[in-house]
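# starting from these lines, generate the structure:
(2 chains)
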Amino acid sequence: MYQAPRGTLDRLPEDQAYWNYVEKTAADVAALYGYSRLDTPVFEDSGLFIRSVGEGTDIVEKEMYTFNDLGGNSVTLRPEGTAPVCRAYVEHGMQNLTQPVKLYYLMSIYRYERPQAGRLREFHQFGFEAIGESSALLDAEVIDMSCRFYRELGLKDLKLLVNSIGCQDCRKEYLKALREYYKVHVDELCDDCKKRLEKNTLRVLDCKKPGCKPLADNAPKSTDHLCDDCKAHFEQLTARLDQLGLDYKIDHRLVRGLDYYTRTVYEVQPLIEGGQSTIGGGGRYDGLIEELGGKPTQAVGFATGLERVILNLKRAGINPPEDTRKKVFVIWFGDEALRKAGHIMDVLHENGISAITSYSGRSMKAQMRQANSNGANYVIIIGDTEVAENKYTFKDMENSSQETVTEEELLEKLR
RNA sequence: GUGGGUAUAGCCGAGAGGCCUAAGGCGCCAGGUUGUGGCCCUGGAGAUCGAGAGUUCAAAUCUCUCUACCCACCCCA
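Residues are numbered from 1 along each chain as shown, chains lettered A, B, ... in the order given. Below you'll find the model as predicted:
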């Protein structure tokens, strides 16, 4: 027996309502803020991700689906969406368009991780990127848009965490201060953090171990070490967030796992602890486009995991809107009736009315049961009597009322 | 990558060495007199008990290996 590869999921018909709901909401919110859709290939040149996400990150180090194609080129199934979008921006000369260029995507993402609830090897993201503008007002807009997406879906119990990790210049100063601070406390750190301190210093702040957490709480804050420009940027951001009335918390320990972030970083997390905490996150990445061979171009973006969004919808008891389209089931018995049933099926379909029928002359009871389990709102019954009178029996399943009507009357009722 | 748990029909789930040729429920199919659903009743189909090996006269029930899923860590969406 074959089964879906580890960490992958079949999206079954009964789940599709959730996906439609989430994807439609995403597209609506994107349109509201002036974002256009962009789709990129599932696989890219491996170098794109190594350059952008960063060589030392877990994603690049041990989570990428990388292989050589038959032409001998190293390609990688995309482990995130920002780099491909930036690649497309540069490749198609979008710096010549009016800036900022606003793009959104709904795409599958691939990471070779150990699967658990809310963590898959193939998952889906809704993300958006605003490229070519350095104003903190845009950061605020992106954050606002993220929050609106969750709000529109009905997701309430979420918290918004914001931080600034500075630019390339002032981050150096900050890292120096951090290392200085931790030098004295190395022995109190967990083994992982000892390694992090060398390799990816910022991540030490992220550790949840009881020994490391108090240290991180008292560690120097990045926001206290910002250069003047970064400081002004962060101040404008929070001022605008206040004006928007967004309920955010500045979290000095918020650090993100991808190397390209600068200045603003933020995450959205469910209030309920346990399981996978982050459902969405983003930030500014002012150096990425240049890193990928474009001109120096500032940008901000955000991405959210759709499986996690749906998980939270289910936990919160939020149901996607139901399909309100009326459905008709055509019942027939006898050869004459079969021909008449075929005719009315064609007419219904031509008129844009959802109609299904039986393919074998099952008993009336069986066909009625079939109609019921298919959720039919109306049933059309065709037997010897209807054939003789050239009419149809039209039954409303809701109140069980039925009457005999002509084809014209039937269509009138279904409009 | 590390640690722990679980694995019985499409789904839920009893079952703890011989009484299992595996209970029950949902779902599916057919009936409940001749052309009518949802409730109810009756009957039926559907399981090499996750896979493989071993212990035993005897294994769904014990042991080992593998695989998958779940939880925590790690990481992130």
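# just give me the neighbour total for the residue in the stretch 251-400 of chain A that RNA strand B sits nearest to.
With CB to the nearest atom of the strand, the shortest gap between the stretch 251-400 of chain A and RNA strand B falls at A:G257, namely 1.3 Å. Where C-beta positions appear, they are placed from N, C-alpha and C, glycine not excepted. For A:G257, the neighbour count with other CB atoms under 10 Å is 17.
# just give the nearest non-adjacent residue to it, would you?
Counting by CB to CB, 6 or more residues apart in numbering, A:G257 lies nearest to A:T57, which is 6.0 Å off, once chain neighbours are set aside.
# state the distance from that neighbour to RNA strand B.
6 Å (CB to the nearest atom of the strand, to the nearest Å).
# my read is that that residue contacts A:L258, right?
Yes: if you go by CB atoms under 8 Å, A:T57 and A:L258 touch, sitting 6.2 Å apart.
# so chain A: which segments form each domain?
A:13-164+A:245-315, A:168-226, A:327-414 (automatic domain parsing).
# how about the lowest-mean-pLDDT helix or strand in chain A: buried residues?
Using mean pLDDT, DSSP states H and E, the weakest-scoring helix or strand in chain A turns out to be helix A:191-199, at a mean of 77. For helix A:191-199, a neighbour-count test (16 or more other CB atoms under 10 Å) marks A:193, A:196-197 as buried.
# stretch A:235-248 too?
Result for stretch A:235-248 [16+ other CB under 10 Å]: buried residues A:237-238, A:240-241, A:246, A:248.
# so which of these are in strands?
A:Y248 (DSSP state E).
# which regions of chain A lie under the pLDDT threshold?
A:273-275 (pLDDT under 70).
# mind doing that once more with 80?
A:1-2, A:189-200, A:207-213, A:257, A:272-277 (pLDDT under 80).
# redo the buried residues of stretch A:235-248 as TSV? Include distance to A:F123.
Below are these laid out as TSV (distance: CB to CB, whole Å):
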residue	distance to A:F123
A:L237	29
A:T238	32
A:R240	31
A:L241	29
A:L246	27
A:Y248	26
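# out of the buried residues of stretch A:235-248, which is nearest to RNA strand B?
Of the buried residues of stretch A:235-248, the one sitting nearest to RNA strand B (CB to the nearest atom of the strand) turns out to be A:Y248, at 16.0 Å.
# that closest one contacts A:L160, doesn't it?
Yes: assessed by CB under 8 Å, A:Y248 is found in contact with A:L160 at 4.3 Å.
# shared neighbours of these two, anything?
Shared contacts of A:Y248 and A:L160, defined by CB atoms under 8 Å, 6 or more residues apart in numbering, comprise A:143, A:266.
# report whether the strand or helix carrying A:V309 contacts RNA strand B.
Using DSSP states H and E, A:V309 maps to helix A:306-315. Yes: using CB under 7 Å from any atom of the strand, helix A:306-315 comes into contact with RNA strand B via A:307-308.
# neighbours around A:R263, how many?
27.
# rewinding a little: okay, the least confident helix or strand of chain A in CSV with CA atoms only?
Extracted as CSV, the C-alpha positions of helix A:191-199 are listed here (Å, rounded to 0.1, in the frame of the first residue of the first chain):
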residue,chain,number,x,y,z
ASP,A,191,24.8,23.6,25.3
ASP,A,192,22.8,24.8,22.3
CYS,A,193,23.2,28.4,23.4
LYS,A,194,26.9,28.0,23.8
LYS,A,195,27.1,27.1,20.1
ARG,A,196,24.6,29.8,19.2
LEU,A,197,26.7,32.4,20.9
GLU,A,198,29.4,31.8,18.3
LYS,A,199,27.4,31.0,15.3
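# who touches it?
With CB under 8 Å, 6+ apart as the test, helix A:191-199 has contacts from A:56, A:179, A:182, A:186, A:189, A:203-204, A:207, A:209, A:212.
# rewinding a little: looking at the domains of chain A, which is buried most?
domain A:13-164+A:245-315 (a mean of 18; mean count of other CB atoms under 10 Å).
# quote the end-to-end distance of it.
20 Å (CA to CA, to the nearest Å).
# re earlier: and the helix holding A:V309, how far from the chain's centre?
Centroid separation for helix A:306-315 versus its chain: 10 Å, with CA atoms, centre = their mean, to the nearest Å.
# residues contacting that helix, please?
A:9, A:15, A:18-19, A:22-23, A:106, A:117-118, A:120, A:123-126, A:150, A:153-155, A:270, A:272, A:276, A:278-280, A:320.
# ok so, going back, filter the buried residues of helix A:191-199 to keep only those in contact with RNA strand B.
Answer for those near RNA strand B (CB under 7 Å from any atom of the strand): A:R196.
# looking at the buried residues of helix A:191-199, spot the one nearest RNA strand B.
Among these, and counting by CB to the nearest atom of the strand, the member closest to RNA strand B is A:R196, at 6.4 Å.
# distance of that closest one relative to A:M145?
From A:R196 across to A:M145, the span is 32 Å (CB to CB, to the nearest Å).
# wait, is A:A130 part of a strand?
Yes: assessed by DSSP: H, G, I helix; E, B strand; the rest coil, A:A130 belongs to a strand.
# that one contacts A:L138, doesn't it?
Yes: the pair formed by A:A130 and A:L138 meets the contact definition of CB under 8 Å, at 5.4 Å.
# joint contacts of the two?
A:100, A:300.
# so which of the contacts of helix A:306-315 sit within strands?
A:106, A:123-126, A:270, A:280.
# taking those together, which two end up most distant?
Using CB to CB, these span at most 21.3 Å, a distance reached by A:L106 and A:P270.
# residue ranges of the helices in the stretch 1-150 of chain A, please?
A:16-32, A:46-53, A:58-62, A:82-91, A:136-153 (DSSP state H, counting those that start in this stretch).
# would a markdown table of those helices with distance to A:E350 be doable?
Below are those laid out as a markdown table (distance: least, CB to CB, whole Å):
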| stretch | distance to A:E350 |
| --- | --- |
| helix A:16-32 | 26 |
| helix A:46-53 | 49 |
| helix A:58-62 | 52 |
| helix A:82-91 | 42 |
| helix A:136-153 | 36 |
